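[1] My questions concern the predicted model and sequence given below.
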Amino acid sequence: MRLSLTAKALILISVPLLFEVGSAWLLLDLQKQAEEEAERANRSRAVSDQINQISRNIYEVWNTVSSASRGTWLSSSFLSQSYKKTFNGLREQYTYLINLSGKNEKLVKCAKEAMAAIDEAEALLDKNCLDLRAGKVEEVFANHKDKEKQLKQLYKQMLSQEFFLVEHEEEEFLKNSPVRLREYRQRTISIFVVAMAAHVIFSVILVVFLVGRVTSRLGYLGREVSKLGTGRPLLPLSGGDEIASLSRALSTMATELNALLRKQGAIVNNARDTICAIDDKGCFLSINPAGEELFGLYSDELIASRFIEYLHPADKEIALAWYQGLKSKSEKSRGTEGNTVELRLYRRTGNKAGNKAGKDSAEPLTTLWSGQWSEADRSLFCVIHDISERKELEKAKQEFTAMLTHDLRSPLATIRGLLELLQAGRLGALSDRGCELVEMADRNSTRMMNLINDLLDIEKINSGTMPLEIEEVAVGELFQEVELSLGQWMKESRIALKINQTSYKVFADRDKLSRVLFNLVSNAVKFSEPGCRVTLSAMPEGEYIKISVTDQGPGIPADKLDSIFERFAQASSADHKEKGGSGLGLAICRAIVNLHGGRIWAQSTAGLGSTFNFTVLAAI
């Protein structure tokens, strides 16, 4: 029968409990019988004593009034009816005897017959007493023999033979009562002993069940659970109890866990990046196949070796500082910041077998290490990404940009110099058409030079070579500088500039921040119609100051609010295309703001203009 563990436990507990309840009921029943026996014995003793007392009183009455002689009946005590007191006492004793008799019908019947005889004897004596008082002495004693005989018969009825039989029965009951009480006590002791023995037996059975059945199954379950994570399947227990259900659930969980481990193992083994574990001594504990390709050694050669052995000598101190920093990080400061470091290492060239690679026989690589220290495992889990190709591409791009800008700036400088000579008339007078063409060429050359300068600035920012000279800068002064720089152009374009006065100060590079404002205001003027207004304002936002440039232009589509800060990105409309521009202004603004630790974003409503906001750390 498939029963749950709870049902089995309830059965084992309920059976001895029911037995104990039955034993208790038997003990209570024996106790009740013993109490009834004691009560019956007390009642029998009282009945016997009462019958003896009644016998003595009837004997006294018999001695007093049973004789029908003249002297006895003519005495003053008889004539004063003193016998009534004795008869009343007898009635009370018989009444008490009836109360004591309980369910003894024989005794009740005898007592009632005796009380009737008392009433009849008292009536006879009362009549004779009244007759004697009336002077009918001769009439009273004329038939005194019959009266004496009648009184004797009544006194015999008062104390009949049945009374003595009842008294004998009660005495016999009293005599046997101690024997019965001893039997009750013996039966009580026997039941108590049997109940205790049964309780002990059931307790032993319960212990055997728990130890032999439950504990052994739990032990088996514990041994099976120890297989979790090893890849071996768990064999579930049979049965329908809770332990078997738990075993089946654990078996299912183990199957799913093994499948997950296989998937994770496949991901780790097929990952292009090196994934490894490093112990608290800096030695490799495990490494995936990609690590063999990265270091040029087999995994068994890498295991137990220190990772700094494969690094460039100049990067070993950096690596140790990074490693110790991850180990000493507290739980509160744990995060991604500071978890990555760029390190150079040597990869063994040729076959993997042999001694560890040295500098002379190895290929230098640039790698990016990302690590997370686990205090529970006392290990560093690390991902190593080979960025050598990316570094080479960046270097090539920087060299190409430098070469391109140099090769372009030199001819442009010569062209601009020649154009200046032509405009100054140093090479002869020009016609009106010639002057227009020279001015057009000058504008285009200036635009080309600005584009080259913007490209150089972006590359400097991305490569981290653009320095910042942080100082305390008044925002109001920056607004005034913008007004001085663009005031004439705005007048010509009939664009009004509104400056909301402010006393806020920020920590920033004055020139870089001026360039951000110049670019934003220039864009606002460029895309605003004559008669519109551009507003400059500033307000605090937490630890930062938010600077805003608001225009009344056509607005920016919602899907372009983020992309306009990318390189060469512009809002896709015919009006915007007519305005020209390199498409690098907003990208430069975002790069400069990011360098200052702030953020920049745009807000716009179609037909109502746009607002460009950026934040800079406030000066306290």
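    Happy to help now that I have it.

[2] Look at M466 and give its secondary structure.
    coil (DSSP: H, G, I helix; E, B strand; the rest coil).

[3] which one is it nearest to, not counting chain neighbours?
    Leaving aside its sequence neighbours, M466 sits nearest to K460 (C-beta to C-beta, 6 or more residues apart in numbering; 4.0 Å). Glycine gets a C-beta too; all of them are placed from N, C-alpha and C.

[4] Likewise for D457?
    I588 (5.9 Å).

[5] doesn't E459 make contact with the one you found?
    No: using C-beta atoms under 8 Å, I588 is not in contact with E459; the gap is 11.0 Å.

[6] What is the burial count for the residue nearest to D457?
    22 (other C-beta atoms under 10 Å).

[7] And the next helix or strand past the strand or helix carrying L100?
    Using DSSP states H and E, L100 falls within helix 83-101. Where DSSP H and E defines the elements, the next helix or strand beyond helix 83-101 is helix 105-133.

[8] who are the neighbours of that following helix, in terms of helices and strands?
    Helix 105-133 is packed against helix 5-65, helix 70-73, helix 76-79, helix 83-101, helix 137-142, helix 144-158, helix 161-209, with contacts defined by 3 or more C-beta pairs under 8 Å, 6 or more residues apart in numbering; DSSP states H and E.

[9] Y504: which of those helices is closest?
    When these are compared by C-beta to C-beta, helix 5-65 sits nearest Y504, at 72.0 Å.

[10] for the closest one, packing partners?
    On a contact count with 3+ C-beta pairs under 8 Å, 6+ apart, helix 5-65 meets helix 83-101, helix 105-133, helix 144-158, helix 161-209, helix 242-270.

[11] buried residues in the second one?
    For helix 105-133, the buried set under the neighbour-count rule, 16 or more other C-beta atoms under 10 Å, comprises 107-108, 110-111, 113-115, 117-118, 120-122, 125, 128-129, 132.

[12] Next: the first one.
    Within helix 83-101, the residues that qualify as buried by neighbour count (16+ other C-beta under 10 Å) are Y83, T86, F87, L90, Q93, Y94, Y96, L97, I98, L100, S101.

[13] and what of stretch 301-319?
    Neighbour counts using 16+ other C-beta under 10 Å place E301, L302, F307, I308, Y310, L311, H312, D315, A319 of stretch 301-319 among the buried residues.

[14] What part of this protein, helix or strand, is modelled with the least confidence?
    In the chain, no helix or strand scores lower on mean pLDDT, DSSP states H and E than helix 574-579, which sits at a mean of 50.

[15] mean confidence for the very next helix or strand once past it?
    As assigned by DSSP H and E, the chain's next helix or strand after helix 574-579 is helix 585-595. Across helix 585-595, pLDDT averages out at 88.

[16] Run through the neighbouring helices and strands of helix 585-595.
    By 3+ C-beta pairs under 8 Å, 6+ apart, helix 585-595 packs against helix 432-463, helix 510-526, strand 600-605, strand 609-617.

[17] could you redo the ones you listed as TSV and give each row mean pLDDT?
    Listed next are those as TSV, based on pLDDT from 0 to 100:
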stretch	mean pLDDT
helix 432-463	74
helix 510-526	89
strand 600-605	90
strand 609-617	93
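
[18] Format these as TSV; extra columns: distance to E363 and mean neighbour count.
    Listed next are the helices and strands packed on helix 585-595 as TSV, based on distance: least, C-beta to C-beta, whole Å; neighbours: other C-beta atoms under 10 Å:
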stretch	distance to E363	mean neighbour count
helix 432-463	25	15
helix 510-526	40	21
strand 600-605	42	16
strand 609-617	44	22
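
[19] for those, which one sits closest to A46?
    strand 609-617 (109.8 Å).

[20] Parallel or antiparallel, which strands does that closest one pair with?
    Sheet pairing for strand 609-617, assigned by DSSP bridges, gives strand 544-550 (antiparallel), strand 600-605 (antiparallel).

[21] Of these, which is nearest L418?
    Evaluated with C-beta to C-beta, those place strand 544-550 nearest to L418, the distance being 37.8 Å.

[22] quick one: the closest one to chain centroid distance?
    The chain centroid and the centroid of strand 544-550 are separated by 44 Å under C-alpha atoms, centre = their mean, to the nearest Å.

[23] Then stretch 588-597?
    The answer for stretch 588-597 is 44 Å, by C-alpha atoms, centre = their mean.

[24] Now do that stretch: everything it contacts.
    Under the criterion C-beta atoms under 8 Å, 6 or more residues apart in numbering, residues 454, 457-458, 461-462, 466, 468, 508-509, 512-513, 515-516, 519-520, 565, 599-600, 614-617 lie in contact with stretch 588-597.

[25] Could you grab the helix/strand/coil label for F381?
    Put simply, F381 is strand when judged by three-state DSSP.

[26] tally of neighbours for it?
    Using other C-beta under 10 Å: F381 sits among 16 other residues.

[27] wait, what's in contact with the residue lying closest to A441 once chain neighbours are set aside?
    Spatial nearest neighbour of A441, excluding adjacent residues (C-beta to C-beta, 6+ apart): L419 at 5.6 Å. The neighbours of L419, taking C-beta under 8 Å, 6+ apart as the test, are V438, A441, D442, S445.

[28] Among the residues you listed, find me the one that's closest to F202.
    The shortest gap between F202 and any of these belongs to S445, at 108.3 Å (C-beta to C-beta).

[29] Next one: the closest one relative to E420, how far apart?
    Distance from S445 to E420, counting by C-beta to C-beta, to the nearest Å: 10 Å.
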